[in-house]
Every structure is written in C-alpha cells, then in structure tokens.
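Asks: Predicted model, plus sequence, below.
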Amino acid sequence: MLKLIKVCPPVKAVLLALAVVCSLGVRAVAQDIQLITLAGQKEMLANPGTPLAGASSPDVTLVEYFDYNCPFCKQLAPELESLIGEDHKVALVYKEWPIFGGISVYAAKAVLAAGWQGKYLVAHDTLMRGPRWSDEAQVDRALESAGISLDRLKKDAASHATDINALLTRSETEARALGLRGTPGLVVGRQIVPGVVDLKGLKALVARARPPSGQG
C-alpha cells in the first residue's frame, strides 16, 4: 500500500459537473488507486501548454497539479526530480493549480509567461525550490535572479493573458474532474495519486504504468 501524505485543500469548494467527470472517465481499481480512461489520458496530455520535464520520448508520463505555495508540493518536488533523473523513459507535465489564490495565482501566471522566453522549467524549479511566497516583488526577484527577463515576462504576461488564463482554467477543470481535493495531485500513467509519494512509491507506480517490453 502506498503511503500518502495529506494534501493542501483548496480555499473554495467548487461543484464538479457530471459531464466533466464522464469526459475523463475516472474509475476505482485495487489499493484505492483510481484510473482514468485512455481517452481521458489522451485529453489530459494533449497540447499541455508547458514543456515536458524529463524524457522527450517517454513510455510513462506523469502529470502534477500543484501550487507554488503548497508545502506538500515542495516536499514532493525533489522526489519527482530524482525520478526523472534516474529513469530516462519518464516525463513529467506540470499543471499550475493555484488553489490558494492571490500570490499563488500571480506566481503561476508569471511562470507560464516565462515559457514565451523558453524558461518555463527554470522558472518552475526556481519557485518550487523557494520559500513560501508572500508578495509579487519577492516572486519577481527570484525569477530575475534565475536569469529571466522581467521586462519580457511582463510583456508576455499581458499579451498572452488569454492563453495563460485558459491554461489555468483547464488545470482547474481537470483537477476537479479527477476528484482531486487539493495539491499536490499526481497522475502516473493513468493512475490518480492524491498526495505526496516518496521515490520508492513513485517507482512502483511507474512500473505498474509501464507498458510491457516492445509496447508503448
């Protein structure tokens, strides 16, 4: 049985539309792990709007729904980094889900905007490895120190605001459809994992998700 640590709950409860649940096709399997359908997985991975971390041609892809101010997300981050560092057939898709509002939303939008200068992953890692973010200036200083142009970031945040907001809305919709009650939320292959898992647990989930040799 995987050991899960509790997640950070969202600030506001949002009702989940039945149609959204059906589109991702969540169902329960052994050991309290739920699976999404193949169609749901394909929908979730299609045009994610952020670059893959890890393998460019993976046989297992993980998706993480997270908040830059979630302490459990920060606890999970090094485990995920170790996984993709050790297993070169695994990739990770990050999906911002700023459930705490305020500065979390600002941080999420800033990191997504950094993607237009090719520095999404740099920005993500910088904020995830940092402290709890308390104001916009603190976030800006951290990103600038990581080599990100704040002038360009501000321009991209404004000119691509529609795209950025659409990504955040999509993440929110998907997280709710998956039945996630807070951050972090992981999908390993088709397995839904609410909460923090250690490296050993992640490897076990990847092994379960991995297609047999010669497939995938």
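Replies: Yes, it's here.
Asks: On the three-state scheme, the most centrally placed residue in the chain is what?
Replies: In the chain, the residue lying closest to the centroid (Cα atoms, centre = their mean) is residue 64, at 2.8 Å. Applying DSSP: H, G, I helix; E, B strand; the rest coil to residue 64 yields a three-state assignment of strand.
Asks: Pairing partners for it in the sheet, please.
Replies: Taking DSSP bridges as the rule, residue 64 bridges to residue 94, residue 186.
Asks: In this structure it contacts residue 92, no?
Replies: Yes - counting by Cβ atoms under 8 Å, residue 92 is a contact partner of residue 64 at 6.5 Å. Where C-beta positions appear, they are placed from N, C-alpha and C, glycine not excepted.
Asks: overlap in contacts of these two?
Replies: residue 80 (Cβ atoms under 8 Å, 6 or more residues apart in numbering).
Asks: what residue ranges in this protein score low on pLDDT?
Replies: Low-confidence segments of the chain (pLDDT under 70): 1-7, 10-32, 214-216.
Asks: what are the ranges of the strands in it?
Replies: 27-28, 34-35, 53-54, 60-66, 90-96, 185-188, 191-194 (DSSP state E).
Asks: I'd like to know which of those is closest to residue 153.
Replies: Taking Cβ to Cβ, strand 90-96 is the member of the strands of the chain nearest to residue 153, at 15.1 Å.
Asks: Pull the residues that contact the closest one.
Replies: By Cβ under 8 Å, 6+ apart, strand 90-96 touches 45, 48, 50, 52-56, 58-68, 80, 83-84, 108, 111-112, 124, 167-168, 170-171, 174-175, 206.
Asks: got the angle between that strand and strand 60-66?
Replies: Relative orientation of strand 90-96 versus strand 60-66 (axes from the mean of the first three to the mean of the last three Cα atoms, to 10 degrees): 20 degrees.
Asks: for strand 90-96, the distance to its chain's centre please.
Replies: Remark: strand 90-96 is offset 5 Å from the chain centroid, using Cα atoms, centre = their mean, to the nearest Å.
Asks: Next up, the contacts around the spatially closest residue to residue 113 that is not a sequence neighbour.
Replies: Nearest non-adjacent residue to residue 113, counting by Cβ to Cβ, 6 or more residues apart in numbering: residue 157, 3.9 Å away. Going by Cβ under 8 Å, 6+ apart, residue 157 touches 109, 110, 113, 164.
Asks: Looking at these, which are in helices?
Replies: Residues of these located in helices (DSSP state H): 109, 110, 113, 164.
Asks: Against residue 129, how distant is the third one?
Replies: Spelled out, it's residue 113. 19 Å (Cβ to Cβ, to the nearest Å).
Asks: Can you give me the distance of the residue nearest to residue 38 when sequence neighbours are not counted to residue 103?
Replies: Nearest non-adjacent residue to residue 38, counting by Cβ to Cβ, 6+ apart: residue 190, 7.2 Å away. With distances taken as Cβ to Cβ, residue 190 is found 33 Å from residue 103.
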